[in-house]
Structures are given as structure tokens and as C-alpha cells.
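**Student:** My questions concern the predicted model and sequence given below.
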Amino acid sequence: MYRLLYSLLLCFTAISIFGQQDNSPQNLASALLAKTGQKLNIGGYAQVDMTNQLQAGKRSNTSLDVSRMVVSLGYRFTDKTQFITEVEFEHVKELYVEQAFLHHTFFDALSFRGGLMLIPMGIINEYHEPTTFNGVLRPMVDNLIVPTTWREIGAGFTGRLQEIGLKYQIYLVNGFSSFGSDLKGTLNGSGYLRNGRQRGAKSFLSAPNLSAKVDYFGVRGLKLGLAGYFGDTQSSLFNNLDRSDEAGIARADSTIVGINMLGLDARYGWKGFQARAQIIYAKQSNSAAYNDYTNSDLGASVLGFYYEESYNLLKLTSSSHQLNVFCRFEHYDTHFSVDAGAVRQEKYRVNEYVFGLGWKPAEGAVFKIDARLRKAKTESSYTPYLNAGIGVWF
């Protein structure tokens, strides 16, 4: 399977030089930053989903959910200095601040940014507006391995070298909380890092983490991304810890996990055809001591990847609408390896196939439907799901 993925990525990159469509990156925040002519700019996006698990011989209730409703504001102090924020309602009743950063441009190749920011890893974490991806739900690699929406407080530099088609980002941010104020571990095999996101909500810092990404968009129709995230998790046991307390320091150290994550992603578009590929690998250090202290099952390394193709069936007609048919294969494993003495849980090794349609009657609006087949290594057959939903971005 890994040889097949590698071959697909090579072919995907090789044929892209013939592309004829510009696919340079843009999301809601970058769209607001690019707006000129007025001080205050408003945008937003929303997603309403229907999901249903189909089981032979059983009835299941259909789940209906306003997954998220986001309102974004951009304020331009000067042509060089702007503030961007996104306020998100999840599942109607949960309120979060998704982004809140101050951005100052020195020139195109150098800007400084500080505040609550998205971590540049993979595709969906930065480009998660529902009209920008196929399928009702976000890919699981971008939900589990990369815990979208992954944002933390920090500061750093970003810039765009238009002449050679490069964009870079490099930030110092606070890390995941691996041991919270409730004196419980947050990281494990089932959720990986997801429950450790601090999300700017009374976050605490033991040691800063490094997040960086380089994107290439110099060939029409092609976008390539290489990202890295390196550092240690944060633990509440270090708070008010006496430096002479060797036993206390040893306990606190056992709740720290080192994370080294690398991601490669690619997108390509040509005459109604779109393809995406992504692979994320992460290695955790000190996971054996962490599992022993917290009674958890965090893996020593994780791996996730997917490949997706889509085509606009209305491309050769005079219609301004889009009708995109797509298919995606996805694999993720949060126990890709485990420490000596630990038991690898095959239930965390999963394959998924997703097939569906997306109808866009207007720019920024989409109706979606898809079928999802999921199978863990421990299961004898695929479990089917039927999903439908709507998405908007403005």
C-alpha cells in the first residue's frame, strides 16, 4: 500500500507541470487580509450535516447537526496593519474563538503575525471552509492525526515570494496540554492529540513549540506543501514546582511527550479535474513513561494518508454551476508503532473509502451527499455511512 501511495504521488507531481489552472492558496482569513477599500470587512462560513450509520438488521437514528457557524471580522488599521478574528458556534451551543491575530506587513516577502493562529499542517486545518473540500465531513486524517481545527497562541513570520511561487510560515506557539489541571492525561490512541488542544482558552506554556510550513504554487494548477511541527507537550505538574523537588520534577517529566510531526500535501487542478494527496507522520518520545504514569495507550508513532480525485461533470457545458463527483481512499493508524512492552491495538488501524457528489449552484454555496465505508483492522467487513449536508462561505 505504501509503495502504491508513493507511486501515485510521483505520478501526481510529474503530470502537474501540464496544468493550466491557477490554484494558489486562499481561505477566509487570507481573503479578508486581501480586501482593500474599507476599514471593516465581514465574512463567514457555515456547515449543516446529516449522518447515518447503516447496520444490517438494525435501525439507527439519523444525526442532524449545525456543525459550525463562523463569523469573521477583519479590521484594517492601515494598509500594513490588520486584525483578523473568527468566532465560531459549534453544534449550536458551543462558542469558540477560532482565530484572533494581529498581522503587520513589512513587504510581500515578510510579515509579522501574533495571537491565536491556525497551525499550518496538512490541507484542511488551514483550508477548512466547507465549500473548499469534497465530502460532507472533513477527512479523518485531518480530523484525527491533524486535530483540525488546530490553533494555538503564538507569534512568528510569514511571507510570499510571488516571483518563484513560494509562501512560508514559521511560528513559536504553545504546545498541547498532555496533563491538565484535573490531573488526568489527555493523549491516547483513540483521540491521539485532539483532547490536548488548548485553543487559546486559558492556555499555559511549559516550553514553546515550533511550527513551520513552505508552500509552492509556482506551476499553474499545482500546490505543494511541506510542514513540520516540533516540540514538547505542556503539563500542569510544572506549575509552582520547586526547582529543588527532584521527585516532583521526575513526575512532571513523565507527563511530557515530545512530538515531531511532518506533513506533505499536494493539490492539482486541470479543466474540471481535481486531485489531492496528503501524508502525515508523527513520532512521539517519552510515550512509554507517559502511558505508565497516566494509564493511557498513546502510540510511539502515527501515520495517516489519503488520495482523492474529483471531476466537475458540468465543465463541458454552458452552466455556471458545478457538479463535482469524487472518490477518496484514506488510511490512518494511531498505533503505527508502540514502545517495547506495549501492545499494538489493531483497532486504531483504519481504512476508509468515500464516494460522493457536490453541487455548487453559486460560488460559495454547496449541497453535498456521500457514502462512507469504514473498516478497522480488527473488523471483518466495512461499515457503511450515508451523509448529506450544506455548506456556505462568504
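**Tutor:** Looks like it came in fine.

**Student:** CA only for contacts and neighbour counts going forward, please
**Tutor:** Fine.

**Student:** can you give me the helices in the stretch 251-394 of the chain?
**Tutor:** 287-294 (DSSP state H, counting those that start in this stretch).

**Student:** mind listing what the residue nearest to residue 39 when sequence neighbours are not counted touches?
**Tutor:** Of all residues not flanking residue 39 in the chain, residue 76 sits nearest, at 4.8 Å (CA to CA, 6 or more residues apart in numbering). The contact partners of residue 76, by CA atoms under 8 Å, 6 or more residues apart in numbering, come to 38, 39, 40, 82, 83.

**Student:** any idea how far residue 274 is from residue 312?
**Tutor:** 9 Å (CA to CA, to the nearest Å).

**Student:** Quick one: mark the members of the contacts of residue 76 that sit in strands.
**Tutor:** 40, 82, 83 (DSSP state E).

**Student:** what's the nearest residue to the first one if we skip its chain neighbours?
**Tutor:** Read that as residue 40. Residue 40 sits nearest to residue 75 (CA to CA, 6+ apart), 4.7 Å away.

**Student:** Assumed the one you found was part of a strand.
**Tutor:** Yes: the assignment for residue 75 is a strand, going by DSSP: H, G, I helix; E, B strand; the rest coil.

**Student:** bridging residues for it?
**Tutor:** Here residue 75 sits in beta bridges with residue 40, residue 83, as judged by DSSP bridges.

**Student:** follow-up on the earlier one: which of the contacts of residue 76 are buried?
**Tutor:** 82, 83 (16 or more other CA atoms under 10 Å).

**Student:** Format the contacts of residue 76 as JSON lines; extra columns: pLDDT and distance to residue 248.
**Tutor:** Converted to JSON lines, those look like this (pLDDT from 0 to 100; distance: CA to CA, whole Å):
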{"residue": "38", "pLDDT": "92", "distance to residue 248": "55"}
{"residue": "39", "pLDDT": "96", "distance to residue 248": "52"}
{"residue": "40", "pLDDT": "96", "distance to residue 248": "50"}
{"residue": "82", "pLDDT": "97", "distance to residue 248": "44"}
{"residue": "83", "pLDDT": "98", "distance to residue 248": "42"}
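
**Student:** okay if I get the contacts of residue 76 as CSV plus distance to residue 321?
**Tutor:** Shown next, in CSV, are those (distance: CA to CA, whole Å):
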residue, distance to residue 321
38, 31
39, 33
40, 31
82, 34
83, 34
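
**Student:** Kindly indicate which of the contacts of residue 76 lies nearest residue 287.
**Tutor:** Using CA to CA, residue 83 comes nearest to residue 287 of the contacts of residue 76, at 38.7 Å.

**Student:** Helices of the stretch 1-150 of the chain, start to end?
**Tutor:** With DSSP H, counting those that start in this stretch as the criterion, the stretch 1-150 of the chain has helices at 2-15, 28-34.

**Student:** Mean pLDDT lowest where, among those?
**Tutor:** Lowest mean pLDDT within these: helix 2-15, a mean of 46.

**Student:** Now the residue nearest the centre of the chain: closest residue in space, sequence neighbours ignored.
**Tutor:** Centroid-nearest residue in the chain: residue 125, 2.8 Å away (criterion: CA atoms, centre = their mean). Distances taken as CA to CA, 6+ apart put residue 148 closest to residue 125, at 5.1 Å, once the chain neighbours are dropped.

**Student:** neighbours around the one you found, how many?
**Tutor:** Using other CA atoms under 10 Å, residue 148 has 24 neighbouring residues.

**Student:** picking up where we left off before, I'd say the residue nearest to the centre of the chain and residue 141 touch.
**Tutor:** No: if you go by CA atoms under 8 Å, residue 125 and residue 141 don't touch, sitting 10.5 Å apart.

**Student:** Looking at this structure, which strand is longest?
**Tutor:** From DSSP E, the single longest strand across the chain is strand 322-337.

**Student:** returning to what we had before: quick one: the residue nearest to residue 125 and residue 120, what's the gap?
**Tutor:** 10 Å.

**Student:** overlap in contacts of those two?
**Tutor:** Counting by CA under 8 Å, 6+ apart, nothing touches both residue 148 and residue 120.

**Student:** pretty sure residue 120 contacts residue 212?
**Tutor:** Yes: in this structure, residue 120 is within contact of residue 212 by CA under 8 Å, at 6.8 Å.

**Student:** Could you name every residue contacting both of these two?
**Tutor:** Common neighbours of residue 120 and residue 212 (criterion: CA under 8 Å, 6+ apart): 169, 227.

**Student:** Which one's more surrounded, those two?
**Tutor:** Using other CA under 10 Å as the criterion, residue 120 and residue 212 rank with residue 120 on top: 28 against 21.

**Student:** Need the phi and psi values for the more buried one.
**Tutor:** Dihedral angles of residue 120 (phi, psi; degrees, to the nearest 10) stand at phi -80, psi 90.

**Student:** what's the closest non-adjacent residue to residue 379?
**Tutor:** Closest residue in space to residue 379, ignoring its immediate chain neighbours: residue 347 at 7.9 Å, by CA to CA, 6+ apart.

**Student:** Enumerate every residue touching that neighbour.
**Tutor:** Per CA under 8 Å, 6+ apart, neighbours of residue 347: 376, 377, 378, 379.

**Student:** All set, thanks.
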